[in-house]
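Chemist: Mind looking at a prediction? Sequence and model below.
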Amino acid sequence: MKQPQFVICVDNSGYAASLELRKVYELVKDLEAEREGYFRIIDESGEDYLYGAERFVKVSLPKDVKAAVIRAA
């Protein structure tokens, strides 16, 4: 099973109810969306939606932090 990837929101303009600045979000793998410049994110609604990739920065979390984030989800 592939490990989840995470991103941090750096721009929530126009989506303040859906995205929180500086928050870590899980990235749902969607290669077609990424080729088009979008990330599929599980947002504050608990559902996955497409957002412009420029709103996020991919992060590599330490193993123990990643495990804690996965448990908290």
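Modeler: Sure, I can see it. Numbering: from 1, shown residues only.
Chemist: Setting aside sequence neighbours, what's the nearest residue to residue 15?
Modeler: Nearest residue to residue 15 in three dimensions, chain neighbours excluded: residue 51, at 7.0 Å (CB to CB, 6 or more residues apart in numbering). (Glycine included, C-beta is placed from N, CA and C.)
Chemist: residues contacting that neighbour?
Modeler: 15, 19, 38, 39, 41, 43 (CB atoms under 8 Å, 6 or more residues apart in numbering).
Chemist: May I have the predicted confidence score for the last one?
Modeler: For residue 43, the pLDDT comes out at 91.
Chemist: again with the fourth one
Modeler: At residue 39, the predicted lDDT confidence score is 98.
Chemist: Now the element after the helix or strand hosting it, going C-ward?
Modeler: Element membership for residue 39 (DSSP states H and E) is strand 38-42. Using DSSP H and E, the next helix or strand after strand 38-42 towards the C-terminus is strand 48-52.
Chemist: C-alpha coordinates for that next one, PDB please?
Modeler: Extracted C-alpha coordinates of strand 48-52, given in PDB (Å, rounded to 0.1, in the frame of the first residue of the first chain):
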ATOM      1  CA  ASP A  48     -12.000  15.600  -1.800                       C
ATOM      2  CA  TYR A  49     -12.100  18.500  -4.300                       C
ATOM      3  CA  LEU A  50      -9.700  19.900  -6.900                       C
ATOM      4  CA  TYR A  51      -7.800  23.100  -6.200                       C
ATOM      5  CA  GLY A  52      -5.000  24.800  -8.100                       C
END
